[in-house]
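Chemist: The following comprises the amino acid sequence and a computationally predicted model.
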Amino acid sequence: MLLKLIGASLILFAGTLIGFLQAARYADRPKQIRQLAGALQRLETEIVFGQTPLPDALQHTASNAGQPVGRLFQAAADELSAGEGRSFRECWDHAMRRAWPTTSMRTPELTVTLRLGSILGMSDKDDQLKHLRLAAVQLKAEEDAARDDQAKYEKMSRSLGLLLAALVVILMV
């Protein structure tokens, strides 16, 4: 009997924890999108006004951005510094795809970021500025959608984790 009680408690705890972790992802997504937009704005400043070379601009942006967004830019800076004869776009794509799973962001934000990577370093300052600002507008739209998802699903995720765990316990008894 004691063993069943301990097992039921562990299942309830695990289910609740899973629900809270999923809810945290819904809460983190709008914050991280805002953080990414801010980091792109810093990158814009480095490129356009500071005329900083791209590897250095990525490094500065990474050091000023909070985590996990800073890891995205650090990975891009590391890929670019490694060289290996790859283009900026290849380095950017590889870095974003490798570091993206550490964020709570989803495919639409990744698409915006990858599209931006195909332009950076390939055109003049004005064109890069235009694309950086376009990416900021697109990220703002994604942030609004993420905030809507958060309002809809955050509380539900917490409750669903607990309720599903309770269902499993009931079915076990």
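Modeler: Arrived safely. Residues are numbered from 1 along each chain as shown.

Chemist: So for M1, what's the pLDDT?
Modeler: With respect to pLDDT, M1 scores 84.

Chemist: The one 5 residues further on too?
Modeler: At I6 the predicted local distance difference test score is 93.

Chemist: The helix or strand containing it: how far from the chain's middle?
Modeler: In the assignment (DSSP states H and E), I6 maps to helix 2-44. Centre-to-centre, helix 2-44 and its host chain are 13 Å apart (CA atoms, centre = their mean, to the nearest Å).

Chemist: Then stretch 93-106?
Modeler: On CA atoms, centre = their mean, the centre of stretch 93-106 falls 7 Å from that of its chain.

Chemist: Please, where are all the strands along this protein?
Modeler: Using DSSP state E, no strands are found in the chain.

Chemist: L139: how many residues sit nearby?
Modeler: Neighbour count of L139, defined by other CB atoms under 10 Å: 24. C-betas here are computed from N, CA, C, even on glycine.

Chemist: And A151, by the same measure?
Modeler: 11.

Chemist: quick check: mean pLDDT across stretch 121-141?
Modeler: Averaged over stretch 121-141, pLDDT sits at 88.

Chemist: residues making contact with that stretch?
Modeler: 33, 36-37, 40-41, 43-44, 47-48, 51, 54, 88-89, 109, 112-113, 115-116, 119-120 (CB atoms under 8 Å, 6 or more residues apart in numbering).

Chemist: I appreciate the help and will end here.
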